[in-house]
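*Asks:* Okay, sequence plus prediction incoming.
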Amino acid sequence: YSQKDSAYTATRTVTVVEPDITAPVITVTSGTDTVGQGTTWTDAGATADGGETVTASGAVNTNTAGTYTITYTATDAAGNVGTATRTVTIVAIPLVTDVVGTNNQNSEITVSWTTGAGGPVSSFRVEYKEIYPSEGSWILVTESATGSSHLVTGLTNFSKAYKFRVSAIVDSLLGGATES
């Protein structure tokens, strides 16, 4: 405002500042949030629109089927708090136990296993690796084995020792692996 008398003029300026009441907007980074029981889950994280530090709270137990919530929080310089959540689903997958390889001669080994409780299985993943005379890498045999055994062919050198690994698959989700 301004005021004026015959000799002087006085002016006063008032600036009105709106308080910052806008919380940071948190964006949950896309990731794999449905995994099989007994496997691993990796948090893809989240970001805040103003570059604030985002912290995550909550835990996921991949050994126990269920739904878990991760909460992300960010606080801006004005003290406004923004939150977002991620839902992680751990799908029950039966545990494979008692993996055994039986030599059938003719470059064939029958790998058999037992499946525990936990629901229907779509198929099984079967892998092998050489362990003697030297340790090799896992080699995929199939991801479509059914029942409780699978014939592995093409193992031509029986002076070597092999190890087998079997995992249950439910609706394209791989469960934890069990080795022979």
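*Replies:* Cool, got the structure. None of these values were measured; they are calculated from a predicted model.

*Asks:* which is the next helix or strand following the helix or strand of the chain with the lowest mean pLDDT?
*Replies:* The helix or strand of the chain with the lowest confidence, counting by mean pLDDT, DSSP states H and E, is strand 2-4 at a mean of 64. Later in the chain than strand 2-4, the nearest helix or strand by DSSP states H and E is strand 9-11.

*Asks:* Buried residues in the following helix or strand past that next one, which are they?
*Replies:* With elements assigned by DSSP H and E, the helix or strand that comes after strand 9-11 is strand 26-28. Burial within strand 26-28, assessed by neighbour count using 16 or more other CB atoms under 10 Å, is assigned to 26, 28. (Glycine included, C-beta is placed from N, CA and C.)

*Asks:* From the centroid of this structure, which residue is nearest?
*Replies:* Here the mean C-alpha position of the chain is nearest to the C-alpha of residue 41 (CA atoms, centre = their mean), at a distance of 2.2 Å.

*Asks:* Surely it touches residue 90?
*Replies:* Yes: Residue 41 is in contact with residue 90 according to CB atoms under 8 Å; the separation is 7.4 Å.

*Asks:* what's the overlap in contacts for the two?
*Replies:* Residues touching both residue 41 and residue 90 comprise 35, 60, 62, with contact defined as CB atoms under 8 Å, 6 or more residues apart in numbering.
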